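Colleague: please find the sequence and the predicted model below.
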Amino acid sequence: MRVLIVDDEKNIRESLKKYLGLEGIDSAAAPSAEAALGLLETDPYDAAILDLRLGGMSGQDLLEAILEKGFPVPVIMISAHGQIEDAVKALKTGAKDYLVKPVDPAELVFRLRALVENRRRENVLETESRSAVFRRAGVNGMIGTSAAMRKLSSQIDKLSLSGVTVLITGESGTGKEIAAREIHRRGPNASEPFAAVNIGGIHESLMESELFGHEKGSFTGAAGRRQGLFELAGSGAIFLDEIGEMSMPLQVKLLRVLQERKIRRLGGITDIPVNARIISATNRNVEALVREGKFREDLYYRLNVFRISLPPLRERGEDIPLLAEFLLDKLCSRMGRAVPVLEKTALEKLRAYTFPGNVRELENILERALIFCENGVIAEKDIDIHEALTERTVSAPAAAETGAAAVKTAHPDLRGGHESLAEIEKRTIVAALERCGGNRTKAAAELGITRKTILNKLKIYGILSL
């Protein structure tokens, strides 16, 4: 436990701090409300003890500031005999408890421990409540109550029991594998395996063995018999992601599996029956691939018995608050930390963004925000959308070209040659700093990024002298 003591009388601060220390409770002391706010900005506390009468800001003012800024710290007020009405007002405002001077240290320790324990119990109940909300509000990870998500859930309900082959389409980051898993989970064979493979993530020469298995000696390195995913899936489901990346020879073999419901291992001579449900997905225009002769038309019709199109995040903005809560809950559980409060302005910033990377991009932005947020609160400044966009475009040449074009459109003075996105970004930052007379805060505001991001970029480009 770590406690903040706020009292303008030095002897009271020191005596309380000493007694708490004897009880094994770590504490910090502040002589004023202003000093206390400074400490709360830099360090987390499990509880705060505030004297009602302070020089400058009062204890009541400090309590209101703590609540307004969203510091997740429960407060015990200390009042003199003649301040009972003020203490009651503090309780109505949001204080958790109060004690009358002179304070009995043993009673204070008892109240503190009870307060912190109750707080922890509330956090557990809040987490359980959030989990229940997420279960009711989403498709097992595809969280949302928008019309688009309700339609998706209804579709999954109808097709999951039928066992038909399903094709899932949608942009990158919309959750195609999650939808596939939910189709399997709601079906009659949910207890059977769910086998997933990314067609674009495995070399073509290995994909046939991955799907259909191989016999010993069928190729160099085949030291023994190996079952493929179709066999391992049993009567469950096999999920073929990025189906548009499949080579023509493999398309022919997959078509045979769909037609005959049999496979043959590499190097094998025996056909093996398969019962797994086939669910495939792609972010590409399969119809265009068929027209271009890059995807077999007969295979397309076999895969496209029932089609689900996942909506992009920009078309279901009303789901962002609940989705952000769900993702923060998941990320914090993984990190072993408390879930922070998402400030209203931070949420508004997220809702105003179009998310070309969809839910995956939202998760990346929130994960970055968790690294930089302070005092259990994610503020607007912690939502660094520009940086997330830059990192994504730098990692993909095609996207970088698009990004460069966008920056040149926004800044007509940045012309000439085939500049990299990094060069364009550097020039944009330098130009903004020049327009703002070297004021980094103003330049950051003009560019729609944080001052911290500008400093990081200046370090990267070796131009901190600006």
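Modeller: That came through, no problem.
Colleague: residues contacting the residue lying closest to G224 once chain neighbours are set aside?
Modeller: Among residues not flanking G224 along the chain, K216 sits closest, at 5.0 Å (Cβ to Cβ, 6 or more residues apart in numbering). For every residue, glycine as well, the C-beta is placed using N, CA and C. By Cβ atoms under 8 Å, 6 or more residues apart in numbering, K216 lies in contact with A222, A223, G224, R225, G267.
Colleague: next up, the contacts around the fourth one.
Modeller: Think R225. G213, H214, E215, K216, R265.
Colleague: make CSV out of those and add distance to L322.
Modeller: Listed next are the contacts of R225 as CSV, based on distance: Cβ to Cβ, whole Å:
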residue, distance to L322
G213, 42
H214, 46
E215, 50
K216, 52
R265, 46
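Colleague: how many neighbours does I12 have?
Modeller: 18 (other Cβ atoms under 10 Å).
Colleague: same thing with E242?
Modeller: Neighbour number of E242 under other Cβ under 10 Å is 18.
Colleague: gap between it and I183?
Modeller: Taking Cβ to Cβ, to the nearest Å as the measure, E242 falls 18 Å from I183.
Colleague: same thing with L240?
Modeller: Applying Cβ to Cβ to L240 and I183 gives a distance of 13 Å.
Colleague: which residues are in contact with each of these two?
Modeller: Residues touching both L240 and I183 (Cβ under 8 Å, 6+ apart): I279.
Colleague: residue closest to the middle of this structure?
Modeller: Nearest to the geometric centre of the chain sits E363, at 2.6 Å (Cα atoms, centre = their mean).
Colleague: after the helix or strand hosting it comes which helix or strand?
Modeller: Assigned by DSSP states H and E, E363 belongs to helix 358-372. Once the chain leaves helix 358-372, the next helix or strand it forms, by DSSP H and E, is strand 377-378.
Colleague: packing partners for that following strand?
Modeller: strand 341-342, helix 358-372 (3 or more Cβ pairs under 8 Å, 6 or more residues apart in numbering; DSSP states H and E).
Colleague: export these to JSON lines and tack on mean pLDDT?
Modeller: JSON lines is the format used below for those (pLDDT from 0 to 100):
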{"stretch": "strand 341-342", "mean pLDDT": "88"}
{"stretch": "helix 358-372", "mean pLDDT": "90"}
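Colleague: now render these as TSV, adding distance to F295.
Modeller: Output for the helices and strands packed on strand 377-378, formatted as TSV (distance: least, Cβ to Cβ, whole Å):
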stretch	distance to F295
strand 341-342	42
helix 358-372	24
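Colleague: low-confidence regions, the stretch 351-466 of the chain specifically.
Modeller: 386-424, 448, 464-466 (pLDDT under 70).
Colleague: go again with 50.
Modeller: Within the stretch 351-466 of the chain, the set of residues satisfying pLDDT under 50 comprises 387-419.
Colleague: quick one, domains of this protein?
Modeller: Domain segmentation of the chain under automatic domain parsing yields 2-126, 152-311, 315-460.
Colleague: for the last one, measure first residue to last.
Modeller: Just to be clear, that refers to domain 315-460. End-to-end distance for domain 315-460: 36 Å, by Cα to Cα, to the nearest Å.
Colleague: doesn't G221 lie inside a helix?
Modeller: No: if the criterion is DSSP: H, G, I helix; E, B strand; the rest coil, then G221 is coil and not within a helix.
Colleague: gap between it and L266?
Modeller: With Cβ to Cβ as the criterion, G221 and L266 are 12 Å apart.
Colleague: compare those two (neighbour count), which wins?
Modeller: L266 (16 against 8).
Colleague: how about the nearest residue to the more buried one, chain neighbours excluded?
Modeller: Looking at L266 with Cβ to Cβ, 6+ apart, the closest residue is H214, at 3.8 Å.
Colleague: surely K459 is within a strand?
Modeller: No: counting by three-state DSSP, K459 is not part of a strand but helix.
Colleague: tell me how far the residue nearest to G224 lies from A223.
Modeller: When K216 is compared with A223 (using Cβ to Cβ), they lie 7 Å apart.
Colleague: what does G55 give?
Modeller: The gap separating G55 from A223 is 80 Å, by Cβ to Cβ.
Colleague: okay, the two: which has more neighbours?
Modeller: Applying other Cβ under 10 Å to G55 and A223 shows that G55 carries more neighbours, namely 10 against 7.
Colleague: list the buried ones in stretch 343-362?
Modeller: Within stretch 343-362, the residues scored as buried using 16 or more other Cβ atoms under 10 Å are 343, 346-347, 349-350, 353, 355-362.
Colleague: for S235, see how far away L313 is.
Modeller: 34 Å.
Colleague: more neighbours, the two?
Modeller: L313 (26 against 14).
Colleague: quick one, what contacts A237?
Modeller: 180, 183-184, 187, 189, 192-195, 276-279.
Colleague: let me fix that: I279
Modeller: Here I279 is in contact with T165, V166, L167, I168, A180, I183, H184, A237, I238, F239, L240 (Cβ under 8 Å, 6+ apart).
Colleague: measure how buried the fourth one is and give me the count.
Modeller: So that's I168. 25.
Colleague: quick check: which element contains it?
Modeller: Counting by DSSP H and E, I168 is part of strand 166-169.
Colleague: measure S205 to R225 for me?
Modeller: Taken as Cβ to Cβ, the span from S205 to R225 is 19 Å.
Colleague: got any ranges where the chain has weak pLDDT?
Modeller: For the chain, counting by pLDDT under 50, the residues that fall below are 387-419.
Colleague: repeat that for 70
Modeller: 81-82, 122-141, 386-424, 448, 464-466.
Colleague: what segments of the stretch 351-466 of the chain are helices?
Modeller: 358-372, 385-395, 397-410, 421-435, 440-447, 451-460 (DSSP state H, counting those that start in this stretch).
Colleague: check the stretch 1-150 of the chain too.
Modeller: Using DSSP H, counting those that start in this stretch, helices in the stretch 1-150 of the chain cover 10-22, 33-42, 59-69, 84-93, 105-137, 147-160.
Colleague: can you give the distance of stretch 104-122 from its chain's centre?
Modeller: Offset of stretch 104-122 from its chain centre (Cα atoms, centre = their mean, to the nearest Å): 33 Å.
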